[in-house]
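Novice: Can you look at this prediction? I've put the sequence above it.
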Amino acid sequence: MLVDCIWAFAEIKFVPSFLFLIKFYAEFQRAARVMASQEIETVLVSIAKLNVKPEGRDFFLSFVRAFRDHLTSWQSSQLTNIIHALAVMKAEPGRAFLSNWYDRFDMRHFEFSAYQLTIVLWSVATLESIPSANFLKKWA
């Protein structure tokens, strides 16, 4: 229900109240580690669509932990959507997240379409991230 709610708001482009968002972010922090990878992706993409970047680090720390917990589950489309959402939000995901993201990218690089790769490259540049050596070796 948590995921469906923020997704629906994003689909109809309705920005909920500040109080709602504070409560939503707190609930996400409690639930993130038991969510499926698709749910985590949906939350992040929806927040980016609504342009309501969470304040502070707690939300993103919960996201990073959940991302790491599901590291082997992430598909190329999800990896693309996540890095793009973070770039759109001008988030600072941190080295640990980016290291995990690049590791997963390295494992699945052959699944990325040219379109996804374009989005990934734009997102990495926007985040001012220094790509891993393997990333550069494959795509530079």
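Specialist: All right, it came through fine. Numbering: from 1, shown residues only.

Novice: got the residue ranges for the strands in the protein?
Specialist: Counting by DSSP state E, the chain has no strands at all.

Novice: Tell me who's in contact with the residue positioned nearest the centre of it.
Specialist: Geometric centre of the chain, nearest residue: Ile82, 2.9 Å, by CA atoms, centre = their mean. Listed by CB atoms under 8 Å, 6 or more residues apart in numbering, the contact set of Ile82 reads 41, 44-45, 67, 74, 101. All C-beta spots, glycine's among them, are computed from the backbone N, C-alpha and C.

Novice: And for Ser99?
Specialist: Neighbouring residues of Ser99 by CB under 8 Å, 6+ apart: Ser132.

Novice: And it, how close does it get to Ile22?
Specialist: Applying CB to CB, to the nearest Å, the value for Ser99 to Ile22 is 30 Å.

Novice: Reformat the contacts of Ile82 as a markdown table; add pLDDT and distance to Glu92.
Specialist: Formatted as a markdown table, these follow (pLDDT from 0 to 100; distance: CB to CB, whole Å):
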| residue | pLDDT | distance to Glu92 |
| --- | --- | --- |
| Glu41 | 96 | 19 |
| Leu44 | 96 | 14 |
| Val45 | 97 | 18 |
| Phe67 | 94 | 15 |
| Trp74 | 94 | 20 |
| Trp101 | 94 | 13 |
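
Novice: The residues you listed: which two are farthest apart?
Specialist: Val45 and Trp101 (15.0 Å; CB to CB).

Novice: and those two? which has more neighbours close in?
Specialist: Shown here are Val45 and Trp101; by other CB atoms under 10 Å, Trp101 has more neighbours (26 against 19).

Novice: Do I have it right that the more buried one meets Thr80?
Specialist: No - if you go by CB atoms under 8 Å, Trp101 and Thr80 don't touch, sitting 10.6 Å apart.
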